[in-house]
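*Asks:* Structure for this input, please:
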Amino acid sequence: MKLSKLAVEIAESPTFALNEEARLLRERGEAVINLGIGEPKNKTPIAAVLASGAKLTSGEVKYCPPDGMPAMKKAVIRYTEENYNRLVSPENVIITNGAKQSLFNIFYSVLNPQDEVIVIAPYWVSYTEMIKMCLGIPVVVTPEDGTFIPNFAEIERAVTSSTRAIIVNSPNNPSGAIYPPELIEKIVAMCEKKGIYMICDDIYHKLTFDGNVAAPAYQFTKNDVENTHVIVVNGVAKLYGMTGFRIGWVVAPRQLIKVMTNVLAQTTSCVSPLAQAAAEGALNGLQSVVEALRLQIQNNRDVVLQEMMTFNGARLIRPQGTFYALPDLRAFNGNSVELSKFLLKKALVVTVPGKEFGMEGYIRISFAGSVKDVTEGITRIKWALDATSPNEIYIGDKKMIRDWM
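*Replies:* Numbers count the residues shown, from 1 in each chain. Modelled structure (predicted):
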């Protein structure tokens, strides 16, 4: 069978692959704990349920404008004003099938073959693959000091005449790091001066802990939305726990939005009006649901920190946001793929290899689920790796003995 070389070279999503393996194990009755997927366990906000229900019962579920329903765009405009202190028009907004489609369509709309995009490690797994799908070249910048926050000089050194964009994700998936305001300010200034797009993946921007705030890039530019190189991506998946609704959006200059609209119209036609109604309901409803989720996630983060304190050989930089931790487990195995497979086989815990995020020897742990899963999952990981932990453990109703050390 002859297949596209470009398509064949695109890597499989490690998260979905591990989740599928975990699902098959569960179907066999195994007591699997999934610390791999970034999906809050909350119920859909009632305002979203009612709004989508009203749209469904109206019977008017048809095609809608490819750039989004006017009411949904209005909700995003208000959200942008309230959270970014930036006034934008409907022509500056496009609604997409999740923030993931937002990012892909941005890359597709701004990149020519061989254009470079600076990606800061650790990075979300799909960034590099999306860039390659759009015939661009990802240029990875890895902090040299062992932290998850780059020095601006490291970023500046990566800029060439072929640099078209830089993608900034703060709070960061997979590390939970929040980039300091002075770093964001310097990146904004560089991008505005050199004409480089600064793509801000703000999907976790309100999920922050300990009083930390993720400084928005808009704060550091005097240019209006039509003349800035700042592009903002957001959505309802993480802040509202509405992962299955697949609603994201982009705020950008209208010329870019127009091109992105054409791309969306020729690929998925439009975004489901039912899902848009739900997202509109969430954005216009009581925002206490976001704070409730944030507090729950912060409590889970605190449990992770407590559990990791007794994990000999592991090193963890305190997550400041998101619902992920990225412990350094190189003391046990420098190959993160082997490590994740080992933990799934021996401890029945799903994690994601750090290699996929540009951080070999690390694994990503999601604490978006229940406290019970987080606690038991880390206990199992410690049992499997840390020789100083108890030699016996119950996994489900089975008594397991560590016999490989």
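*Asks:* Local confidence estimate at the spatially closest residue to Asn391 that is not a sequence neighbour?
*Replies:* Leaving aside its chain neighbours, Asn391 sits nearest to Arg402 (5.2 Å; criterion: CB to CB, 6 or more residues apart in numbering). Any C-beta I mention is one placed from the backbone N, CA and C, and that applies to glycine too. Arg402 carries a pLDDT value of 96.
*Asks:* any idea how far Ala158 is from Arg402?
*Replies:* According to CB to CB, to the nearest Å, Arg402 stands 44 Å off from Ala158.
*Asks:* Same question for Glu360.
*Replies:* In terms of CB to CB, Glu360 sits 19 Å off from Ala158.
*Asks:* Could you check which of these two has the larger neighbour count?
*Replies:* Counted by other CB atoms under 10 Å, Glu360 and Ala158 do not tie: Ala158 has more neighbours, with 17 against 14.
*Asks:* Which SSE is immediately downstream of the helix or strand bottoming out on mean pLDDT in the chain?
*Replies:* Sorting the helices and strands of the chain by mean pLDDT, DSSP states H and E puts helix 14-27 at the bottom, at a mean of 78. Sequence-wise, the next helix or strand downstream of helix 14-27 (DSSP states H and E) is strand 33-34.
*Asks:* That next one pairs with which strands?
*Replies:* strand 349-350 (parallel) (DSSP bridges).
*Asks:* Give me the residues contacting the partner strand.
*Replies:* Strand 349-350 is contacted from outside by 18-19, 21-22, 32-37, 340, 343-344, 377, 380-381, 384, using CB atoms under 8 Å, 6 or more residues apart in numbering.
*Asks:* How far away from the center of its chain is that strand?
*Replies:* Distance, stretch centre to chain centre, for strand 349-350: 19 Å (CA atoms, centre = their mean, to the nearest Å).
*Asks:* Check stretch 147-161 too.
*Replies:* 21 Å.
*Asks:* show me the residues around His364 that make contact.
*Replies:* One correction, residue 364 is Arg, not His. 36, 174, 324-326, 351-354, 357.
*Asks:* Roughly how far does the residue nearest to Asn391 sit from Leu316?
*Replies:* 22 Å.
*Asks:* What of Ala215?
*Replies:* In terms of CB to CB, Ala215 sits 24 Å off from Leu316.
*Asks:* picking up where we left off before, helices - which of the contacts of Arg364 land there?
*Replies:* Secondary structure from DSSP state H places none of these in helices.
*Asks:* how about CSV for those residues, with neighbour count added?
*Replies:* Shown next, in CSV, are the contacts of Arg364 (neighbours: other CB atoms under 10 Å):
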residue, neighbour count
Gly36, 26
Pro174, 28
Tyr324, 26
Ala325, 26
Leu326, 24
Thr351, 27
Val352, 29
Pro353, 23
Gly354, 26
Phe357, 26
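*Asks:* Setting aside sequence neighbours, what's the nearest residue to Arg315?
*Replies:* Using CB to CB, 6+ apart and skipping residues adjacent in sequence, the residue nearest Arg315 is Asp328, 4.1 Å away.
*Asks:* Now that neighbour, what are its backbone angles?
*Replies:* Backbone torsions for Asp328, taken as degrees, to the nearest 10, come to phi -90, psi 110.
*Asks:* Beta-bridge partners for it, please?
*Replies:* Beta-bridge partners, per DSSP bridges, of Asp328: Arg315, Tyr362.
*Asks:* what about it, how many neighbours?
*Replies:* 17.
*Asks:* go on, Ala54?
*Replies:* A count of nearby residues for Ala54, using other CB under 10 Å, gives 11.
*Asks:* Would it be right to say that it lies in a helix?
*Replies:* Yes: judged by DSSP: H, G, I helix; E, B strand; the rest coil, Ala54 forms part of a helix.
*Asks:* Chain neighbours aside, what residue packs nearest to it?
*Replies:* Using CB to CB, 6+ apart, the nearest residue to Ala54 is Ala277, at 7.1 Å.
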